[in-house]
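Q: below is the structure, and that's it, no one-letter string:
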């Protein structure tokens with residue numbers, strides 16, 4: 001799976017679950033998050049999507065800075081979503097996967113049934129309950 005495949009699956013899954021999602025990528029807008037995701041009943045999320053190769057969530061300094069600027073709970077959330085088979089993780093830059101919230105991927109990678117709404121809901125609950 002490539003990062004493009006992951007983004008496509010996440011957008012299709014949110015849409016199938018009744019939400020709104022689209023890619024915001026622009027090669028000239030350096031640091032802008034990859035995705036806008038708005039699951040039913042939740043505030044919108046700005047997401048940097050990554051294929052993970054290590055044991056923590058990673059992104060560039062500029063991406064981390066933009067995510068921090070855009071993170072405005074309870075009205076809007078910004079996070080990194082990373083995929084490392086067989087789990088989909090959500091959190092912030094440099095966060096170890098062991099401390100991230102996660103959901104399993106569907107049995108078929110090309111499926112539109114990624115439980116992304118559940119993952120976003122868990123993140124909203126974690127952040128709002130911690131304040």
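A: The structure has been received and is ready for your questions. Because the structure is a prediction, the values reported are computed rather than measured. Numbering: from 1, shown residues only.
Q: can you check the pLDDT for the residue nearest the centre of the chain?
A: Geometric centre of the chain, nearest residue: residue 81, 3.2 Å, by CA atoms, centre = their mean. pLDDT, residue 81: 97.
Q: now do the strands in the chain.
A: Remark: strands assigned in the chain by DSSP state E are 20-23, 35-38, 45-51, 77-84, 87-91, 101-104.
Q: got the buried residues for the last one?
A: Same thing as strand 101-104. Buried residues in strand 101-104, defined by neighbour count with 16 or more other CB atoms under 10 Å: 101-103. C-beta: built from backbone N, CA, C; applies to glycine.
Q: so which residues of this structure form helices?
A: 3-16, 61-70, 116-130 (DSSP state H).
Q: most packed of the ones you listed?
A: Burial of the helices of the chain is given as mean neighbour count (mean count of other CB atoms under 10 Å); helix 3-16 ranks first at a mean of 18.
Q: and that helix with helix 116-130, angle?
A: Using axes from the mean of the first three to the mean of the last three CA atoms, to 10 degrees, the direction of helix 3-16 lies 80 degrees away from that of helix 116-130.
Q: name the helices or strands packed onto helix 3-16?
A: Other helices and strands packing on helix 3-16, by 3 or more CB pairs under 8 Å, 6 or more residues apart in numbering; DSSP states H and E, are strand 20-23, strand 35-38, strand 45-51, helix 116-130.
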